[in-house]
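*Asks:* my questions concern the predicted model and sequence given below.
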Amino acid sequence: MEKKIADLLNTQINKEMYSAYLYLDMASFYTENGLDGFANWYEIQAKEEMDHAMLMYQFLHNNDEKVILDTIAKPDKTFASLADPLAAGLEHEKYVTSLINTIYAAANDVNDFRTVQFLDWFIKEQGEEEKNAADLLTKMKLFGDDPRSLYLLNQELAARVYNAPSLVL
């Protein structure tokens with residue numbers, strides 16, 4: 001594996017860890033606002049981001065590359081409304097997609113097909129992440145102003161369960 005690709009993957013580990021912090025911050029916001037279902041949804045998102053970081057960590061080790069862990073930035077978002085974290089989550093997922101696409105393109109440019117194949121799972125995953133975030137924001141815009149509908153949406157999100165990633169290294 002070329003150094004540039006290993007460096008990009010190491011950086012992405014940090015970005016995935018930051019994503020977990022960001023989603024825990026969002027979960028905390030919803031807990032403080034009495035929406036345990038929304039909090040549950042983002043706590044599971046945080047676990048998924050940690051899984052993503054660990055998959056990259058293991059991939060680097062499996063390919064005899066050094067893992068370099070860096071400082072994880074503190075989340076810097078502030079939320080004024082119940083929809084704010086949802087909009088920020090969608091924006092963040094689009095950003096993460098751009099990062100994965102950059103690594104994918106760099107690996108493809110140097111014919112690092114092992115990394116390309118590894119990243120195929122992340123490309124698909126990011127499509128799902130963006131769709132889920134967009135759908136959740138749409139539901140909040142449609143129903144969030146009605147207390148009964150917000151209650152039902154909160155119940156829907158409370159039912160989400162954690163599923164470990166299906167990628168096998």
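*Replies:* All right, it came through fine.
*Asks:* can you give me the helices in this structure?
*Replies:* 3-32, 36-62, 84-109, 113-143, 147-158 (DSSP state H).
*Asks:* go ahead and confirm Q126 touches I100.
*Replies:* Yes - between Q126 and I100 a contact is recorded at 5.6 Å, counting by C-beta atoms under 8 Å. Backbone N, C-alpha and C define where each C-beta goes, glycine included.
*Asks:* list the residues that contact the most centrally placed residue in the chain.
*Replies:* Closest to where the C-alpha atoms of the chain average out (C-alpha atoms, centre = their mean) is E49, at 4.7 Å. With contact set as C-beta atoms under 8 Å, 6 or more residues apart in numbering, E49 has these partners: 16-17, 19-20, 23.
*Asks:* low-scoring pLDDT stretches of the protein, where are they?
*Replies:* Counting by pLDDT under 70, the chain contains no low-confidence residues.
*Asks:* let's go with 80 and repeat that
*Replies:* Applying pLDDT under 80 to the chain picks out residues 166-169.
*Asks:* N108 versus the residue nearest to the centre of the chain, what's the distance?
*Replies:* 24 Å (C-beta to C-beta, to the nearest Å).
*Asks:* just T115 next, same as before
*Replies:* 9 Å.
*Asks:* please apply the same query to P165.
*Replies:* Distance of P165 to N108, computed by C-beta to C-beta: 22 Å.
*Asks:* same question, G37
*Replies:* Counting by C-beta to C-beta, the gap from G37 to N108 is 40 Å.
*Asks:* equivalent analysis for Y23, please.
*Replies:* Counting by C-beta to C-beta, the gap from Y23 to N108 is 29 Å.
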